[in-house]
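1. got a predicted structure here, sequence first:
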Amino acid sequence: MTKDLADGADDAATALEEDERKQLIPTYITSRAELNEAEQVNISDADGWAFSRQRDVLDTGFLLRLHKRMLGDVWRWAGSYRTTERNIGIEAWRIPAELAQLLDDVRFWVAAETYGPDEVCIRFHHRLVAIHPFPNGNGRLARMAADLLAVRLGRPRFSWGRRELVAPASARAIYIAALQAADRHDIAPLLQFARPDGA
C-alpha cells in the first residue's frame, strides 16, 4: 500500500485507522486514485439499486444496507458502524441511539411539516454527517439518503454543487464551509449548495 493511501492523504476522505485500512477488499489498490475509482464504481451500482424502487430511507436497517451497497465491494467494514473515535462525529458508542433519534426527528418533521421538503432533507443530511456513523463514506451516504428522501417527498434529487462551474476541490471547500455553517445553525448555505436554483 502506498503512502498516499495509507495516510488518507487528501482532504476528500476521513483518515482511516490501520485496522480499518486492512479491511480493503481489492488487492490491486495501492493509491488514493485507485481507491476513489473503485469506490465510485461501487457507489454508482448502489445508486441504481437504491432508486430502483421505493425505499424507507428513515429506517436504520436500510441505512446500514445502503452503506454496504455503496462500499461493500471495496471495504469489509461497509455497513458496520465505526468503533473508533474521529476528529469529526460523535463518540462511537453513541451512534446507534443518535441515529435512531435523528430518524425519529425527521419522521416528525415530515409529519408535522416543521420545515419545507428541501429543508427537511438538508437537515437530515447535515445531522447524518455530524453523527458520522461509519469509518468512511459518510458524506456520500448522507447525500444519497437526502436524495432518496427528497424523491419520496416529491422533490427532484439535489445537485450537490455539480451545477457550479468550479473545480471539484473548490466545490468540496464550499460544501465543507456550508456544513460548518449548518453546525452554527445556519442551514441556508447548505441548502444553496445542494439546490442552487431553489427549484
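-> Perfect, thanks for sending it.

2. any weak-confidence spans in the chain?
-> The model of the chain has pLDDT under 70 over residues 1-17, 20, 163-167, 199.

3. could you pull out the helices for it?
-> Counting by DSSP state H, the chain has helices at residues 3-7, 18-21, 32-50, 60-71, 95-112, 117-131, 138-152, 168-183, 188-194.

4. mind checking those for the one nearest to W77?
-> helix 18-21 (6.1 Å; CB to CB). The way it works is simple: take the backbone N, C-alpha and C, and place the C-beta from them, glycine included.

5. starting at the chain centroid, how far to the closest one?
-> Centroid displacement of helix 18-21 relative to its chain, using CA atoms, centre = their mean, to the nearest Å, is 20 Å.

6. let the chain start at 3 from now.
-> Okay, using 3 as the starting number, the last item reads as helix 20-23.

7. just the C-alpha atoms of it, please, in CSV.
-> Taking C-alpha atoms only, helix 20-23 is exported to CSV below (Å, rounded to 0.1, in the frame of the first residue of the first chain):
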residue,chain,number,x,y,z
GLU,A,20,-4.7,0.9,10.4
ASP,A,21,-7.2,-1.9,11.3
GLU,A,22,-9.8,-0.2,9.0
ARG,A,23,-7.3,0.0,6.1
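
8. so what's W77 up against?
-> Neighbouring residues of W77 by CB atoms under 8 Å, 6 or more residues apart in numbering: E22, Q25, L26, I27, P137, N138.

9. rewinding a little: got TSV for the helices of the chain, with mean neighbour count and distance to F160 too?
-> Below are those laid out as TSV (neighbours: other CB atoms under 10 Å; distance: least, CB to CB, whole Å):
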stretch	mean neighbour count	distance to F160
helix 5-9	14	30
helix 20-23	14	29
helix 34-52	16	13
helix 62-73	20	16
helix 97-114	15	16
helix 119-133	22	7
helix 140-154	22	6
helix 170-185	15	11
helix 190-196	19	4
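
10. right, so of these, which gets closest to Y83?
-> Nearest to Y83, of those and by CB to CB, is helix 97-114 at 4.9 Å.
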